[in-house]
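In: how would this look folded up:
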Amino acid sequence: MKAKTFIDSARAVITIEGNAVLELAKQIQPTFDDLCEEIIQLKGKLILMGIGKSGHVAQKISATLSSTGTPSFFIHPTEAAHGDLGMVGKNDAVLIFSNSGETKEIIEILPALKRATANIYTVTNTLHSTISKAGKISLAINAAEEACPLDLAPTSSTTIALVFGDALAISLLEARGFSRDDFAKSHPAGQLGKKLTTLVKDIATIGEMTPIVDQLTSLKDTLIVISEKKLGLTLVEANGEIVGVFTDGDLRRCLNNGVDIENTNIKDIMTANFKSIFGDDLAIDAAEIMEKNKILSLVVKPHEGEKSEFGIITMHQLLESGII
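Out: Numbering: from 1, shown residues only. Down below sits the predicted model:
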């Protein structure tokens, strides 16, 4: 008989943990609403605690909360017992994660925690545990089966705790009306920060470098402008407004159809139905529009009443700047 393969084991783990996550949705009770309402009204910070794997989970959840509009930090219970409890103020709240609800290191500091703040919330696998009974609001989540065949290593239980934390963070994010701009303020660096802070006008070709021709310009003269500006297209203008675009793709179609390049005005062969974006929109939004419409460039336009000039943003510029 063929031994169980690594792939078999992996699929079994994924199936067990996936089922545990789906079951978690059924375990969300009205007390979840109570917890969210308390956190929304909190005047201080939300402090997370946990030991072992629950501690690692709590640290990740705290980081997610902080980056999505809920001020939070993690305190290790052992460190709390040796001075870090001084970081907990009356206006703060403590959210404790403990699968068993009987974690010794946490139980030992519960009296001191209660003196520091009345706002203690708990997430354990049973409402009958010592830690759960100490909570102002207590929630119970549990996995029917650990993915570990020995039923020893926390697997499904830590997975659903992480998912619970994400559910809490996103529920609070939506309730606060937390926006992309808010998110960008706490993520200024790296690739993520660049995507959330780089505007179209920061990388687009705008002003005198933008290829623009009048609608009565001949195709022949238009090609000269396209070649000089080296963007592979030009904007078509009439009475100070952009009324169309003409691209390399349009040129190929003209040549295939035998269009007379000297006696054909660009207005007769331009693309009048073009996509555009404002200069102060996010560059990543330009990328999404291009990908959705399967095009390689967008017209950059000013808001009504603004004196900003028209421009062009291309997929090449987005790639070159690292936005995509």
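
In: For the helix or strand that contains V243, what does the pLDDT average out to?
Out: According to DSSP states H and E, V243 maps onto strand 241-247. Averaging pLDDT along strand 241-247 yields 92.

In: Give me the buried stretch members for that strand, please.
Out: Buried residues in strand 241-247, defined by neighbour count with 16 or more other C-beta atoms under 10 Å: 242, 244-247. Any C-beta I mention is one placed from the backbone N, CA and C, and that applies to glycine too.

In: the strands in the stretch 151-300 of the chain, which residues?
Out: 205-206, 212-214, 233-238, 241-247, 276-278, 297-301 (DSSP state E, counting those that start in this stretch).

In: Mind checking those strands for the one nearest to G55?
Out: Set against G55 and scored by C-beta to C-beta, those come closest in strand 276-278, at 45.3 Å.

In: buried ones in that closest one?
Out: Buried-residue list, strand 276-278, by 16+ other C-beta under 10 Å: 277-278.

In: Tell me which stretches of this protein form helices.
Out: Using DSSP state H, the helices of the chain run over 6-27, 30-41, 53-67, 77-80, 104-116, 130-133, 156-176, 180-185, 190-197, 200-203, 219-229, 248-256, 283-293, 315-320.

In: just checking, V21 touches A161?
Out: No: with contacts counted by C-beta atoms under 8 Å, V21 stays clear of A161, the gap being 10.7 Å.

In: So these two - more neighbours on which side?
Out: A161 (26 against 15; other C-beta atoms under 10 Å).

In: Excluding chain neighbours, give the residue nearest to that one in space.
Out: Nearest residue to A161, sequence neighbours excluded (C-beta to C-beta, 6 or more residues apart in numbering): V57, at 4.7 Å.

In: what does T247 give?
Out: For T247, the spatially nearest residue (C-beta to C-beta, 6+ apart) is L233, at 4.1 Å.

In: what sits against the one you found?
Out: 211, 226, 245-248, 297, 312 (C-beta atoms under 8 Å, 6 or more residues apart in numbering).
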